[in-house]
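1. What would the 3D arrangement of this be:
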Amino acid sequence: MEYKPEKTFDLLLCNQVIEHVENPAAFMKKMIESATISIISAPYNWPDCGKQCGHVTNNITPAMFAEWSSPYTPVVSEVVIEEETEEKDSFKFVKRIIWVFDRSNDSSKR
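-> Predicted structure coming up:
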């Protein structure tokens with residue numbers, strides 16, 4: 001959080017990180033403001049997986065992403081399934097939320 005870029009990057013890709021940080025709202029805003037295009041993903045609605053995965057935040061939903069990214073809104077927001085499986089309970093661990101922010105014309109700012 002202390003890093004202060006001298007310029008805005010063209011593209012930022014943040015995959016499966018935000019669930020590991022103490023202050024996801026501040027982190028997400030910092031990511032969005034650091035680049036023209038930001039692609040941010042996280043596990044979608046995963047339950048607490050304990051020490052196995054080291055998540056600070058669990059059960060992440062689009063509403064949480066919206067709160068964390070405010071006042072920015074995504075140009076793309078999707079929940080994707082990483083892989084199909086036949087196992088009954090495994091779907092809770094294959095979904096990801098992916099949001100794309102485009103600040104090229106401040107189109108993502110409310």
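2. Name the strands paired with the helix or strand of the chain with the lowest mean pLDDT and say parallel or antiparallel.
-> Across the helices and strands of the chain, mean pLDDT, DSSP states H and E gives its lowest value to strand 76-81, namely a mean of 93. As defined by DSSP bridges, the strand partners of strand 76-81 come to strand 95-102 (antiparallel).
3. Can you check which helix is longest in this structure?
-> helix 24-33 (DSSP state H).
4. Can you tell me which helices and strands that helix packs against?
-> Where contact means 3 or more CB pairs under 8 Å, 6 or more residues apart in numbering; DSSP states H and E, helix 24-33 is packed against strand 35-43, helix 62-69. Just so you know, the C-beta spots here come from the backbone N, C-alpha and C atoms, and that holds for glycine as well.
5. Mean neighbour count, these: which tops it?
-> Of these, the one with the most neighbours on average (mean count of other CB atoms under 10 Å) is strand 35-43, at a mean of 20.
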